[in-house]
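Novice: could you look at this predicted model? Sequence included:
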Amino acid sequence: MMHLRDPREGLELLADALLKGSGGSHVFFSVGKGGVGKTTFSILASLALSPRGRVLLASMDPARHLIEYLGLRGVGKPEEVGGSFRAVQYDVETLAKRIAEDYARLLRQVMPGLTVVSLDGIVRAVKYSPGFEEEVFLTILRELTERLGEDYDYLIVDTPPTGVTHRMLNLPRLYLVWLAHLYDLRYKIVSLRYAIARAMNREFEPHDPVLEKLSALRSQYQALADLLRDHARASLVLIATPEPLPVFELRQSLGVARDLGMRVSAIVVNRVLPPEMASKLGVLETQTKALRDVWSLDCGGCEKMVILHSSEPPRDLEGARRLGGLLMRLEEVLSEATH
Ligand SMILES: Nc1ncnc2c1ncn2[C@@H]1O[C@H](COP(=O)(O)OP(=O)(O)OP(=O)(O)O)[C@@H](O)[C@H]1O
Ligand SMILES: [Mg+2]
């Protein structure tokens, strides 16, 4: 039988694991396949970190489970959960609409000829554009990270489905390439206008709103791209259940993290069954293989942890807190399994 911890001790173990290698404020992304326990883990991590600083848990989970688990009153505004732990659920639909409207207004400003197309028409077109969902999440992330270190010390992001998360984390880099080209192009246009105005002895407005907007966007995305690649200030926590597909996705996320230059601070295998129960259910072999696979992964020295399966599924704050007692280091569980 595995030795179970006092939940508080488990939470401290988790906080130590997460904060190893982090300096000051930090943003953690909970990443994993649907249903593996991202929201549950995010709550657990918030409980673990809140004695060490101000925590904001922000969920981009489209199913809005955070509202349910924490009994939040609404969406879009951080609410106090307890002490220095605050949480906010984002409603992507509402945000998507707001952002699409901003774009539509900007488009009309830059291209007044577009008045033939209705604002609603533009909103609809932008909303269904490829990559728009990622853009919505990125906007939330940009706004949240701008307040990191000021309004809170630890930001925990409960992420949307893995593919969307991977693309979202890549967007700042992509935008910076685009913005550099757009800036050059606009600069040439403005210089030409200036030359023409001078040649014709006309007045020239030296401030170009488009150049200013591009320049502002560039510094915002540069700050975000720098933050994401700063191993002391941002990292991913990869979560999987001990089954082939979630572990496969975890491997993919490791590859993406490497490509993006991001650090993985921890890998968490959730809902691991005690050997005797796994054996009874006929999944001992699959589970042990998954645990060994995770053990052999090179994650750049990250922490590898296990949360045992709880017979009472955690559905609220107290449920998540109880999971603290089911937290183990992966090596503890593996040595148990091989004895
Ligand atoms: N260690 C555990 N033991 C037992 N049940 C668990 C454990 N962790 C999570 N669960 C249960 O598994 C279900 C999925 O968990 P959760 O909602 O946290 O997953 P998720 O990855 O956020 O899912 P989604 O992809 O739908 O957002 C929930 O019913 C939760 O109560
Ligand atoms: Mg979730």
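Specialist: That came through fine. Ligands and ions are numbered 1, 2, ... in the order given.
Novice: list the buried residues in the helix or strand of the chain with the lowest mean pLDDT.
Specialist: Within the chain, no helix or strand scores below helix 119-127, which has a mean of 74 by mean pLDDT, DSSP states H and E. Buried residues in helix 119-127, counted by 16 or more other Cβ atoms under 10 Å: 122-123, 126-127. C-beta coordinates here come from the backbone N, C-alpha and C atoms, glycine included.
Novice: what mean pLDDT does stretch 182-199 get?
Specialist: Across stretch 182-199, pLDDT averages out at 92.
Novice: pLDDT weak spots in this structure?
Specialist: Across the chain, the ranges flagged by pLDDT under 70 are 1-4, 112-117, 119, 337-339.
Novice: and it, which residues reach ligand 2?
Specialist: Contact residues (Cβ under 5 Å from the ion) of the chain with ligand 2: 38-39, 61, 65.
Novice: what's the neighbour count on Leu95?
Specialist: 17 (other Cβ atoms under 10 Å).
Novice: doesn't it fall inside a helix?
Specialist: Yes - Leu95: assigned to a helix according to DSSP: H, G, I helix; E, B strand; the rest coil.
Novice: got a list of what it touches?
Specialist: Contacts for Leu95 (Cβ atoms under 8 Å, 6 or more residues apart in numbering) come out as 76, 136, 139-140.
Novice: distance check, it against Ser59.
Specialist: Leu95 sits 13 Å away from Ser59, going by Cβ to Cβ, to the nearest Å.
Novice: for Glu80, which non-adjacent residue is spatially closest?
Specialist: Arg86 (5.4 Å; Cβ to Cβ, 6 or more residues apart in numbering).
Novice: tell me which element the one you found is part of?
Specialist: Taking DSSP states H and E as the criterion, Arg86 maps to strand 85-89.
Novice: please work out how many residues are found near Ile196.
Specialist: Neighbour number of Ile196 under other Cβ under 10 Å is 11.
Novice: quick revisit: among the residues of the chain next to ligand 2, who's most crowded?
Specialist: Counting by other Cβ under 10 Å, top hit in the residues of the chain next to ligand 2: Lys38 with 28 neighbours.
Novice: do I have it right that it meets Asp61?
Specialist: Yes - the pair Lys38 / Asp61 is scored as a contact, 7.2 Å apart, by Cβ atoms under 8 Å.
Novice: overlap of the contact sets of the two?
Specialist: 158-159.
Novice: now do the contacts for Arg173.
Specialist: 225, 260.
Novice: what helix or strand is it located in?
Specialist: Following DSSP H and E, one finds Arg173 within helix 162-199.
Novice: chain neighbours aside, what residue packs nearest to the closest residue to ligand 2 within the chain?
Specialist: Nearest residue of the chain to ligand 2: Thr39, at 3.3 Å (Cβ to the ion). Leaving aside its sequence neighbours, Thr39 sits nearest to His65 (Cβ to Cβ, 6+ apart; 4.8 Å).
Novice: quickly list what Leu155 is bridged to.
Specialist: For Leu155, the beta-bridge assignment (DSSP bridges) gives partners Val27, Leu56.
Novice: neighbours around it, how many?
Specialist: Leu155: 24 surrounding residues under other Cβ under 10 Å.
Novice: quick check: it touching Val27?
Specialist: Yes - assessed by Cβ under 8 Å, Leu155 is found in contact with Val27 at 4.3 Å.
Novice: shared neighbours of the two, anything?
Specialist: When contacts are counted by Cβ under 8 Å, 6+ apart, the set common to Leu155 and Val27 consists of 144-145, 148.
Novice: what's the closest of these to Tyr183?
Specialist: Thr145 (22.5 Å; Cβ to Cβ).
Novice: could you tell me how many residues sit around that closest one?
Specialist: As a burial measure, Thr145 scores 20 neighbours (other Cβ under 10 Å).
Novice: tell me the contacts of Ile122?
Specialist: By Cβ under 8 Å, 6+ apart, Ile122 lies in contact with 100, 103-104, 107-108, 114.
Novice: with secondary structure, neighbour count and distance to Gly32 added, can I get those residues in CSV?
Specialist: Compiled in CSV, these are given as follows (DSSP: H, G, I helix; E, B strand; the rest coil; neighbours: other Cβ atoms under 10 Å; distance: Cβ to Cβ, whole Å):
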residue, secondary structure, neighbour count, distance to Gly32
Ala100, helix, 23, 29
Tyr103, helix, 18, 31
Ala104, helix, 22, 35
Leu107, helix, 16, 37
Arg108, helix, 15, 41
Leu114, helix, 15, 41
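Novice: what's the most distant pair in the residues you listed?
Specialist: With Cβ to Cβ as the measure, no two of the contacts of Ile122 lie farther apart than Ala100 and Leu114, at 14.2 Å.
Novice: give me the buried positions along stretch 315-331.
Specialist: The neighbour-count check on stretch 315-331 (16+ other Cβ under 10 Å) flags 317, 319-328, 330 as buried.
Novice: tell me which of the residues you listed fall in strands.
Specialist: Using DSSP state E, 327-328 are the members of the buried residues of stretch 315-331 that sit in strands.
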